[in-house]
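A.B. asks: what's the 3D shape of this:
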Amino acid sequence: MDLNLVNYKKYGKNKKGAIVLLHGWGQNIEMMDMLGHPFEDVFEVLVLNLPGFGKSPEPDHSYSIEEYANLIHDLLEKEKVLQLLCDMLNRGDNIPIDRFMDDKAFESRYTTGEMAFQ
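C.D. replies: Below is the predicted model:
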């Protein structure tokens, strides 16, 4: 999918890296956006509608986890996100791990679910 078609927002100070908030099935950017604002004074926050959700159009075929991960990887490269603290909720928990675990270009620390908000 063309990255220009993916609906996303990026905001925050990026003093300690970036947080990417991924919604689950049946959710959208608005649900995750409200979770990102408390962190914007310290972190860069990236929230998006995955393909087929919210204002991101449906892809021309059903995406695999690898395709979702590649899309997120490409978006992070486009936005020059190099240090990533990634909170993953619902379906989002499977997406980035397999793509970024071996990617030395990203200095990454992963937490899941509510642990990122403690």
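A.B. asks: Tell me where this structure has helices.
C.D. replies: Using DSSP state H, the helices found in the chain span residues 29-36, 65-78, 95-100.
A.B. asks: In a markdown table, list the ones you listed along with distance to residue 8, mean pLDDT and mean neighbour count.
C.D. replies: In this view, the C-beta of every residue, glycine as well, is placed from N, C-alpha and C. Listed next are these as a markdown table, based on distance: least, CB to CB, whole Å; pLDDT from 0 to 100; neighbours: other CB atoms under 10 Å:
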| stretch | distance to residue 8 | mean pLDDT | mean neighbour count |
| --- | --- | --- | --- |
| helix 29-36 | 7 | 86 | 17 |
| helix 65-78 | 7 | 85 | 17 |
| helix 95-100 | 14 | 56 | 19 |
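A.B. asks: Compare these and report which one is nearest to residue 22.
C.D. replies: Smallest distance to residue 22 across the helices of the chain (CB to CB): 6.1 Å, for helix 95-100.
A.B. asks: Dump the helices of the chain into JSON lines; add distance to residue 15 as well.
C.D. replies: Below are the helices of the chain laid out as JSON lines (distance: least, CB to CB, whole Å):
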{"stretch": "helix 29-36", "distance to residue 15": "15"}
{"stretch": "helix 65-78", "distance to residue 15": "18"}
{"stretch": "helix 95-100", "distance to residue 15": "21"}
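A.B. asks: closest to residue 56 out of those?
C.D. replies: helix 29-36 (8.5 Å).
A.B. asks: low pLDDT regions in this protein?
C.D. replies: Counting by pLDDT under 70, the chain contains low-confidence ranges at 82-118.
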